[in-house]
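>>> Sequence unavailable; structure follows:
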């Protein structure tokens, strides 16, 4: 085997001779030796890309050879030396040659002349051929691109060749028909007769007849053309052309977005990855931007083809363009499959502060318009659905006999196949993009959001109340808070953390210095305070988070919600997140202690939770419970996941409750909940039950075996307490065994199996007494048996109950048994999140499998019903049978003799919520608006201040907006024929928008003089600007759309009277609510504003249409497309966020009556006729 590399020494000597004679650069340089770091003068000669060095200029043989291809050469700073040698070193100039391959040390050289040094550096840099290598890479990319184009052109050429052959055949057929017609004409031609001179009168008569025939013909053609212009076919063609024009505009915008992605992110990051100290490597760049450059080249070609078709207008043939696009869909497929991994790599790279700083510099470029990199990476995911909608609209206006019909249908079917995959990927990455967007909005940054397992739950605006001793509020301070909004906070809830931020005037978020990031594992939620507390001041709209961090002092955060419904939604979600954390932590810890089966292994052992089957398909993404998200599933499997007692994902629950109407009914869900309550063992697989209770007997038989186990001395994360009540007349009425308290090696575990009664076991009295000293118990009604000073201690799981610990007491070693997984399951599922601990009549019940599962099933049913009632109360208001069914089930739960106290309290709370009157009775309702519209008005526009007009417009818009029930957003009912019956409130919102816009236009056109019209326009622009300040962007669009109507926009004399400031303000408002780029400016504005807010509903309806088009609710196998449900739920959640925060605006009846007076409204034709009278058209 060859171990060395051979080379031609003679050829090397020949090249060295040429270098000495004809070299590009020759001269003496000082070379640093690697052995003793000394400098020696050598004679160097550069020839092409080879650098030789000799002992001196007369040497015949070179001392060394360096191949410079691929190296880099640059100036280097002088090394630090002692002060004695500083003067001679200052005269030296250093440069460094770094070779491109590993294992080769850099070559350090120096010389005295600076100009010579620069010449050497430039010569070596040219000899490295780096420019040629870069140019080669560029040429290779162009070559690959040209090869793709050639293949595409071959396909197009074959199609054109086929068309030409068909046309040649048609031409031959037409020629034969022409020859046949000519022969027929020859036979019918009359014999030639010599014409005599006609009379002049006859000529005049013929001339008049010819003129009349021409006039009649022109009149007939004019009627035909006018009839065609008014015909449905012409209207369809006009709409078709308009669709194509809009498509060209959208494609131009998309190509520009891809250009920004490639030139402002991809290529600069490639250069950054090639630097000396790269903040990102080339593999990560390739993973983030996979196929982005190729997609840009593809759409540049597609865009050029579209512009060429527009040049041939009105003949618009588009099918061949889509024929070019379809073969390239595999590029999109690779981009789609890589999208989730791309965002995960980006999130990981952002944890490097150097990369994050560099990325912010790129995003600060004016061309990005404040958009983030992940926004640009998502644009290709939405492009295919946009094409599908365009093709759907084109086919709607394309006749069935049209030559392009089949080609367009084929292109639509192919794009729909890819769109289904895209919708799934967008749904799976929605959480990552949401977290990254929130992290970028926070000025200080938030590293916890870069964790891709962190799931977003909800956000909203709450008021943080100041707290003093014992959690009491300073009522003097609250008045100024409510007026100045000093306590307004923007809150974000995730599955593991709760963020509290303030928003600056520029829309950026700032985390609170203290308590800005709350770990839910250290938090306890208190929903209802005592009657003597401050909730009576705020109508029970406040709730508390008691935070007990392990390394800091405990504190309390008091938050005030805008409404009871909003409070119920917040507390339900926070409670569920805390429950999930505690359940997972407790079960994991207990399983590690008592069984060889870990919780992840327990989940993996159940293939129904992660393996695809005929009735379910999973995604790669994990939900908040570390279980794979469902992509497709049958209704039965979804209901099974909803009632699985081992876990309950908050994101799955929210999605299910938002969208269950699409694939099932409320009655089916209620039947499933009732069945789980009555037959709880059907809700958990047999295999998991075996694993769950596998260690019970072992724990009972060997309960003293592991007393000294060091692993039992850990502090559990934040589990709920366990309360065991004795039936005897013990001086201690109840004992709370809190797993949150540190468990010493002497204590070991919790005694869940032995009785606690002194009467049953009198020989254990001493042990019980000593146990009382080490076990936290509530404040007794009479003195305890063991004396000593009591010190209060609060548990995060039971903040409202004082626990006392007696110092100095000794713990018994035989008064406990280890916590079994079954007991942990009962504790976690039955006790968490209800404020008070569970009370068992007999400790033996905790080891009863049937008792544990029944308690867990009851808790699950109550948990689902609590979320359902608190977040979706409209379901029960509109469905009386559903409400009766829930009440009957809850009453049956209350009759359960084994019901725990906290379960009884939770059941009573749900019943109270169902029996409450409408929560918003104190506010104006949409029915009141309809009644006001019938009342006569008494005010005119000139007498109403702009501020009052803007406030009342905002109030009316929000009342109409919040009246829309969430179920109307499902199924695109607003686009169906029976839309008035299916979505009456969306139709009312649309009608209200049109009425307000018509009112603005009508009021302006009622003025006859130019000055009055100009004053009205300026006042309406001022009203629109005040609406913007009130976050009423629907009102802004109502006014700006009225001012852009043709009847008003054409009034040049009126607009000439408008001031420049007003015109600039109107341009600013129009830019904010522009539909350009899918309302990108409005979306960014909504992201940076605090509720209350009235967004433009049409933006969300467009988003829902994007999701609905090309993505069915059910697969071909009949499975529910749950990825689509998840995307719909995200949009509905954002809409409801704005619906549930009311405005605190006083109702002005006189202004409202004016705004709702329909007698002032003119239709579009009347407005335009009036506009023509005011300013007639100029003659052509």
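Received the coordinates, thanks. What you are looking at is a predicted structure, and each value in this text was computed from that prediction instead of being measured.
>>> All the helices of the stretch 401-550 of the chain, residue numbers only.
Per DSSP state H, counting those that start in this stretch, the stretch 401-550 of the chain carries helices over the ranges 405-441, 475-484.
>>> Same question for the stretch 51-200 of the chain.
For the stretch 51-200 of the chain, the helices defined by DSSP H, counting those that start in this stretch occupy 86-90, 114-127, 130-188, 200-229.
>>> Quick one: name whatever helix or strand follows the last one.
Following helix 200-229 in sequence order, the next helix or strand is helix 232-261 (DSSP states H and E).
>>> which other helices and strands contact that following helix?
helix 292-311, helix 373-396, helix 1076-1087 (3 or more Cβ pairs under 8 Å, 6 or more residues apart in numbering; DSSP states H and E). In short, each C-beta sits where N, CA and C put it, glycine included.
>>> can you list those in TSV and add distance to residue 1105?
Converted to TSV, these look like this (distance: least, Cβ to Cβ, whole Å):
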stretch	distance to residue 1105
helix 292-311	22
helix 373-396	7
helix 1076-1087	11
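>>> Could I get the ones you listed in CSV, plus columns for mean neighbour count, mean pLDDT and distance to residue 7?
Below are the helices and strands packed on helix 232-261 laid out as CSV (neighbours: other Cβ atoms under 10 Å; pLDDT from 0 to 100; distance: least, Cβ to Cβ, whole Å):
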stretch, mean neighbour count, mean pLDDT, distance to residue 7
helix 292-311, 17, 84, 40
helix 373-396, 20, 81, 49
helix 1076-1087, 17, 85, 61
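>>> of all those, which lies closest to residue 1018?
Residue 1018 lies closest, by Cβ to Cβ, to one member of the helices and strands packed on helix 232-261: helix 1076-1087, at 23.4 Å.
>>> Touching the closest one from outside, list them.
Applying Cβ atoms under 8 Å, 6 or more residues apart in numbering, the external contacts of helix 1076-1087 come out as 253, 257, 369-371, 382, 437, 441, 507, 1033, 1071-1074, 1093, 1095-1096, 1099, 1102-1103.
>>> how about the helices and strands packed on helix 232-261, which one is nearest residue 139?
Across the helices and strands packed on helix 232-261, residue 139 has its closest neighbour in helix 292-311 (14.6 Å, Cβ to Cβ).
>>> Okay, angle between the closest one and helix 130-188 too, please.
Orientation check (axes from the mean of the first three to the mean of the last three Cα atoms, to 10 degrees): helix 292-311 against helix 130-188 gives 30 degrees.
>>> Tell me the helices and strands packed up against helix 292-311.
Using 3+ Cβ pairs under 8 Å, 6+ apart, the elements in contact with helix 292-311 are helix 130-188, helix 232-261, helix 319-325, helix 329-350, helix 373-396.
>>> so which of the ones you listed is the most packed in?
Scoring those by mean neighbour count under mean count of other Cβ atoms under 10 Å gives helix 373-396 as the most buried, with a mean of 20.
>>> How far does that helix sit from its chain's centre?
With Cα atoms, centre = their mean, to the nearest Å as the basis, helix 373-396 stands 17 Å off its chain's centre.
>>> name the helices or strands packed onto it?
By 3+ Cβ pairs under 8 Å, 6+ apart, helix 373-396 packs against helix 232-261, helix 292-311, helix 329-350, helix 353-363, helix 405-441, helix 1097-1108.
>>> pLDDT averaged over the longest one - what is it?
Looking at helix 405-441 alone, the average pLDDT works out to 73.
>>> just to revisit the earlier point, least reliable of the helices of the stretch 51-200 of the chain by average pLDDT, please.
Among the helices of the stretch 51-200 of the chain, helix 86-90 carries the lowest mean pLDDT (a mean of 53).
>>> which stretches of the stretch 601-750 of the chain have low pLDDT?
Filtered on pLDDT under 70, the stretch 601-750 of the chain yields the residue ranges 601-605, 624, 682-750.
>>> hmm, try it at 90
With pLDDT under 90 as the threshold, the stretch 601-750 of the chain has low-confidence stretches at 601-615, 617-631, 637, 639-654, 672, 675-750.
>>> And the helices in it, which stretches?
With DSSP H, counting those that start in this stretch as the criterion, the stretch 601-750 of the chain has helices spanning 635-642, 650-663, 666-678, 686-692, 696-701.
>>> just those: most buried one?
Using mean count of other Cβ under 10 Å, the stretch among the helices of the stretch 601-750 of the chain with the largest mean neighbour count is helix 650-663, at a mean of 22.
>>> got a list of contacts for that one?
Contacting residues not belonging to helix 650-663 are listed as 431, 455, 457, 495, 573, 576-577, 580, 623-624, 629-630, 635, 638, 641-642, 666, 669, 864, 867-868, 871-872, 966-967, 970-971, 1113-1114, 1120, 1122, 1125-1126, 1128-1129, 1132-1133 [Cβ under 8 Å, 6+ apart].
>>> what's the angle from it to helix 635-642?
Angle of helix 650-663 versus helix 635-642, following the same axes, to 10 degrees, is 150 degrees.
>>> burial of the nearest residue to residue 349 once chain neighbours are set aside, as a residue count?
Excluding its sequence neighbours, the residue lying closest to residue 349 (Cβ to Cβ, 6 or more residues apart in numbering) is residue 355, at 5.0 Å. With neighbours defined by other Cβ atoms under 10 Å, the count for residue 355 comes to 19.
>>> Spell out which helix or strand contains residue 277, please.
Using DSSP H and E, residue 277 falls outside every helix and strand.
>>> Restricted to strands, list the contacts of helix 650-663.
Judged by DSSP state E, the subset of the contacts of helix 650-663 located in strands is 457, 629, 630, 1120.
>>> okay if I get the residues you listed as a markdown table plus distance to residue 657?
Formatted as a markdown table, the ones in strands among the contacts of helix 650-663 follow (distance: Cβ to Cβ, whole Å):
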| residue | distance to residue 657 |
| --- | --- |
| 457 | 13 |
| 629 | 16 |
| 630 | 15 |
| 1120 | 14 |
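>>> and which of the residues you listed is nearest residue 334?
Taking the ones in strands among the contacts of helix 650-663 together and measuring to residue 334 by Cβ to Cβ, the closest member is residue 629, at 22.3 Å.
>>> Neighbours of that closest one, how many?
Every residue meeting other Cβ under 10 Å relative to residue 629 is counted, giving 22.
>>> OK, contacts around it?
So residue 629 contacts 428, 618, 619, 621, 622, 623, 652, 1126 (Cβ under 8 Å, 6+ apart).
>>> Of the residues you listed - the most surrounded one?
With neighbours defined as other Cβ under 10 Å, the most crowded of the contacts of residue 629 is residue 1126; it has 27 neighbours.
>>> Distance of that residue relative to residue 632?
12 Å (Cβ to Cβ, to the nearest Å).
>>> ditto for residue 621
14 Å.
>>> re earlier: going through the contacts of helix 1076-1087, which ones are buried?
Among the contacts of helix 1076-1087, those buried by neighbour count (16 or more other Cβ atoms under 10 Å) are 257, 371, 441, 1033, 1072, 1073, 1093, 1095, 1096, 1099, 1103.
>>> out of those residues, which one sits closest to residue 17?
Nearest to residue 17 among those is residue 257, at 58.9 Å by Cβ to Cβ.
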